[in-house]
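Engineer: return a 3D structure for these sequence lines:
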Amino acid sequence: MFMVSFRLKKKRILIAAALVLMLGFAVMGGVTFFGDQAVTTGADVSEQPERPSRVRTNDQRLEYISTFGWVVEPEPVEIMEVIIPTVFDELYEEYNALQTPLGYDLSRHMGRRTKRYTYVVTNYPGKDQDIRLNLLVRDNRVIGGDVYSLGDNAFMHGLALPSAQPPQVPATH
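Structural biologist: Have a look, this model is predicted:
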């Protein structure tokens, strides 16, 4: 039988523990700082306006919406809890495709509860009524959203203004 023994000095153990803790904090800080910004969208991040990272209050949600150029009525017309499905059907795949140009990806939130805040849009180009904006919020962070019309010639697109949008998807509400 072969045995090995060694003696550790208390000072070396404390230095090693401090280094491990500093490394752990550095990793956690990097994840916190870069966590939601690490999505590649193909768009230059510097071209997008600064948006608040947290939207705890209605005022913060309104500020977030205004970064896209939208003007909405100050109070949501509906607040609803939504559970994002654990498996996406074709409709959810299309809806998620609306999210990706702005860096959102609902597949990261499958099976999770989220809140949907619906606002009335008052400045949609070429239309003056029946336009709504949905904002999907989970843990006080925006995870997606859309703008859609009600009634005849219904449409739906992502949160960006129409001039910066990919082709619209017909609404299936």
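Engineer: where does pLDDT dip in the protein?
Structural biologist: Applying pLDDT under 70 to the chain flags residues 1-50, 164-173.
Engineer: now do the buried residues in stretch 90-100.
Structural biologist: Judged by neighbour count using 16 or more other C-beta atoms under 10 Å, the buried positions of stretch 90-100 are Y95, N96, L98, Q99, T100. The way it works is simple: take the backbone N, C-alpha and C, and place the C-beta from them, glycine included.
Engineer: ok, the residues you listed vs M110, which is closest?
Structural biologist: N96 (10.0 Å; C-beta to C-beta).
Engineer: one step back: now tabulate the buried residues of stretch 90-100 in CSV and tack on distance to L150.
Structural biologist: Output for the buried residues of stretch 90-100, formatted as CSV (distance: C-beta to C-beta, whole Å):
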residue, distance to L150
Y95, 17
N96, 22
L98, 17
Q99, 21
T100, 25
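Engineer: got the residues you listed as CSV, with distance to V71 and secondary structure columns?
Structural biologist: CSV is the format used below for the buried residues of stretch 90-100 (distance: C-beta to C-beta, whole Å; DSSP: H, G, I helix; E, B strand; the rest coil):
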residue, distance to V71, secondary structure
Y95, 24, helix
N96, 27, helix
L98, 21, helix
Q99, 22, helix
T100, 25, helix
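Engineer: could you report the neighbour count for M80?
Structural biologist: 11 (other C-beta atoms under 10 Å).
Engineer: give the other helices and strands that the strand or helix carrying it contacts.
Structural biologist: Element membership for M80 (DSSP states H and E) is strand 78-83. Packed against strand 78-83 by the contact rule (3 or more C-beta pairs under 8 Å, 6 or more residues apart in numbering; DSSP states H and E) you find strand 113-120.
Engineer: other residues contacting the strand it packs on?
Structural biologist: Here strand 113-120 makes contact (C-beta atoms under 8 Å, 6 or more residues apart in numbering) with 61, 65, 72-73, 76-84, 131-138, 143.
Engineer: ok, back up a step: from the buried residues of stretch 90-100, which two are the most distant?
Structural biologist: Once C-beta to C-beta is applied, the buried residues of stretch 90-100 give Y95 and T100 as the farthest pair, at 10.5 Å.
Engineer: now do the strands in this structure.
Structural biologist: Using DSSP state E, the strands assigned to the chain run over residues 78-83, 113-120, 131-138, 141-149, 156-157.
Engineer: mind checking which of the contacts of strand 113-120 are buried?
Structural biologist: Among these, those that count as buried by neighbour count (16+ other C-beta under 10 Å) are 61, 65, 72, 76, 84, 131-138, 143.
Engineer: what is the burial count for the closest residue to V137 other than its chain neighbours?
Structural biologist: Of all residues not flanking V137 in the chain, K115 sits nearest, at 5.0 Å (C-beta to C-beta, 6 or more residues apart in numbering). Counted with other C-beta under 10 Å, residues neighbouring K115 total 14.
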